[in-house]
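> Just need the structure, nothing else, for what follows:
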Amino acid sequence: MQTLLNNFQTEMKQWWLRNSIDLGSYTKDEVEDFTGSIPLLLDSCVVDGKIDLSVQELKNVFDQVQRFMGECKAKESVYQFSM
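Below is the predicted model:
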């Protein structure tokens, strides 16, 4: 598990080294938190050399997560889902 974490951290470090972008009012940590530190999703948030967290790709992921969570809640009792 530690090797996987190390590989993930290395991948994110390399992404930032390859992409010199304007973070605007965001911090690097905020951008990683918002995108789940997923490099492909981060790539879609770079618009004209700047981070744009209002891109359609992020909205699509958010919609998919909401649908998935709704399906999970519908299948589980309130007690089971909150565990």
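> Check which residues of stretch 14-28 are buried.
By neighbour count on 16 or more other Cβ atoms under 10 Å, the buried set for stretch 14-28 is Trp15, Ile21, Tyr26. Heads up, the C-betas are built off the backbone N, CA and C, glycines and all.
> Just give me the longest helix of the chain.
helix 56-75 (DSSP state H).
> Let's test this: mean pLDDT of that one, rounded?
For helix 56-75, mean pLDDT rounds to 89.
> how about the helices in this structure?
All helices of the chain, identified by DSSP H, fall at 2-18, 28-35, 39-44, 56-75, 78-82.
> where does the chain have low pLDDT?
Counting by pLDDT under 70, the chain contains low-confidence ranges at 1-2, 4-8, 77-83.
> Let me see the contact set for the spatially most central residue of it.
Among the residues of the chain, the one closest to the centroid is Thr35, at 2.0 Å (Cα atoms, centre = their mean). Shown in contact with Thr35 (Cβ atoms under 8 Å, 6 or more residues apart in numbering): Leu41, Leu42, Cys45, Leu53, Leu58.
> Fine by me, thanks again.
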